[in-house]
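Novice: Need a 3D model of the sequence below.
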Amino acid sequence: TPKRKFIIADTPGHEQYTRNMATGASTANLAIILVDARKGVLSQSRRHAFIASLLGVRHLVVAVNKMDLVDFSETVFNRIRDEFTAFAPELDIPDVHFIPVSALQGDNVVEKSERMPWFEGQSLLRYLEDVHIANDRNLREMRFPVQYVVRPNLDFRGYAGQVVSGVIRPGDKVMVLPSGRTSTVKSIVTRDGDLPRAFAPMSVTVCLDDEVDISRGDMLVHPGHTPHVTRLLDARLVWMSSSPLKTGRAYLIKHLTHSVKGIFRSIRFRIDVNTLERQPVSELSLNDIGSVIVETTSPVFVDPYRRNRATGSFIVIDLISNETVAAGMITGREVRDAGSLASG
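Specialist: As a prediction, the model looks like this:
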């Protein structure tokens, strides 16, 4: 639209497509949950809301559709809103909005409907154009994973990558992980010239005052706001493979530009996506969501997923088939030892 550009991921509703929903939500700013006005809040509605919450979506619109089939009843809409609101505290979504719509003739989809004068809010499209998402991005903690060392000649050395969070400027003090060496940003280079600053999600080349040993997979951060450096991760996992996850087997953990082998030491529980109950299991199957503890062979630089979706996420790759088998979200919960089986 003239006000905002949208990218829409339409995901299936059935439980067998949980991995599709998780993939779509992983980069979304907002999720729209469609609820049939005749049927109310179903387990499918709860499941989608939970997955959106798990994947860090901060804004949720509950679009109560087919209002024409319930005579555009305010009572029906209020009942569905109250039912969903009672469930919402179990989610970690700070902004939940309700809109009654009828897609058949476009009521409250683009323009306000005259057949629902009791609804004082915006139409769906107007709300999507105006919802504030700028504060969702972490601009406080600078994270710059190095993707490539640029060395075209003896006079230039730069480090190319994407600023995944925070802001970086010439003159900033930076620390290199994992070495801990520090330096100062000399310049921020792009094809169109040097920049006075770079911020997420810009891709740039950073030059430093000192010649520091840096390679792909290293990370530049501000010394006062460093990520957690660890080999033990407590994470929520969405399993995407037909072959189940079993503890003790080695996989490749890809975290930003850094790839490292990891072993799943324990499965703390599986989450029933319909009831949100925690169930003890020995393995995770296709479309399962569970809590796991993974140990990596070398340190990774992470933040809790709730605080930083880039540094708080990873994918799991099968070492033999090269299949992407899972997506993980780091909880930030401290793991004391590789054998931890705590269930908190």
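Novice: okay, CA-based contacts and neighbour counts for the rest of this
Specialist: Will do.
Novice: Please enumerate the helices of the stretch 1-150 of the chain.
Specialist: All helices of the stretch 1-150 of the chain, identified by DSSP state H, counting those that start in this stretch, fall at 18-25, 43-54, 74-87, 124-130.
Novice: so can I have TSV of those showing distance to residue 62?
Specialist: Formatted as TSV, the helices of the stretch 1-150 of the chain follow (distance: least, CA to CA, whole Å):
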stretch	distance to residue 62
helix 18-25	15
helix 43-54	9
helix 74-87	8
helix 124-130	10
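Novice: Can you lay out those as JSON lines showing mean pLDDT, mean neighbour count and distance to residue 315?
Specialist: Below are the helices of the stretch 1-150 of the chain laid out as JSON lines (pLDDT from 0 to 100; neighbours: other CA atoms under 10 Å; distance: least, CA to CA, whole Å):
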{"stretch": "helix 18-25", "mean pLDDT": "82", "mean neighbour count": "21", "distance to residue 315": "11"}
{"stretch": "helix 43-54", "mean pLDDT": "86", "mean neighbour count": "21", "distance to residue 315": "15"}
{"stretch": "helix 74-87", "mean pLDDT": "93", "mean neighbour count": "15", "distance to residue 315": "30"}
{"stretch": "helix 124-130", "mean pLDDT": "95", "mean neighbour count": "16", "distance to residue 315": "30"}
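Novice: And the ones you listed: which comes nearest residue 277?
Specialist: Nearest to residue 277 among these is helix 43-54; the distance by CA to CA comes to 11.9 Å.
Novice: for the closest one, packing partners?
Specialist: Applying 3 or more CA pairs under 8 Å, 6 or more residues apart in numbering; DSSP states H and E, one finds that helix 43-54 contacts helix 18-25, strand 30-36.
Novice: Save these as a markdown table, and put in distance to residue 67 too.
Specialist: Shown next, in a markdown table, are the helices and strands packed on helix 43-54 (distance: least, CA to CA, whole Å):
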| stretch | distance to residue 67 |
| --- | --- |
| helix 18-25 | 25 |
| strand 30-36 | 8 |
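Novice: Would you tell me which of these gets closest to residue 149?
Specialist: The closest of those to residue 149 is helix 18-25. By CA to CA, the value is 30.2 Å.
Novice: Show me what the closest one is packed against.
Specialist: helix 43-54, strand 228-239.
Novice: Could you pull out the buried residues of stretch 185-193?
Specialist: 185-189 (16 or more other CA atoms under 10 Å).
Novice: Check stretch 257-267 too.
Specialist: Applying a neighbour-count criterion of 16+ other CA under 10 Å, one finds 257-259, 261-267 buried in stretch 257-267.
Novice: Also stretch 171-182?
Specialist: Buried, per 16+ other CA under 10 Å, within stretch 171-182: 172-178, 182.
Novice: before we move on, what about stretch 101-109?
Specialist: For stretch 101-109, the neighbour count (16+ other CA under 10 Å) marks 101-102, 107-109 as buried.
Novice: what mean pLDDT would you report for that stretch?
Specialist: Mean pLDDT, stretch 101-109: 94.
Novice: Next, format the buried residues of stretch 257-267 as CSV and append secondary structure.
Specialist: Converted to CSV, the buried residues of stretch 257-267 look like this (DSSP: H, G, I helix; E, B strand; the rest coil):
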residue, secondary structure
257, coil
258, strand
259, strand
261, strand
262, strand
263, strand
264, strand
265, strand
266, strand
267, strand
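Novice: What is the nearest of these to residue 72?
Specialist: Taking CA to CA as the measure, residue 72 lies nearest residue 267 of the buried residues of stretch 257-267, at 47.1 Å.
Novice: Look up which residues are beta-bridged to the closest one.
Specialist: residue 292 (DSSP bridges).
Novice: and of the helices and strands packed on helix 43-54, who's closest to residue 162?
Specialist: Closest to residue 162 of the helices and strands packed on helix 43-54, according to CA to CA: helix 18-25, at 20.9 Å.
Novice: Okay, angle between the closest one and strand 30-36 too, please.
Specialist: Interaxial angle, helix 18-25 versus strand 30-36 (axes from the mean of the first three to the mean of the last three CA atoms, to 10 degrees): 130 degrees.
Novice: Output the below-cut-off pLDDT ranges for this structure.
Specialist: Within the chain, the stretches with pLDDT under 70 are 13, 335-344.
Novice: Now residue 190: closest residue in space, sequence neighbours ignored.
Specialist: The shortest distance from residue 190 to any non-neighbouring residue, by CA to CA, 6 or more residues apart in numbering, is to residue 204 (5.6 Å).
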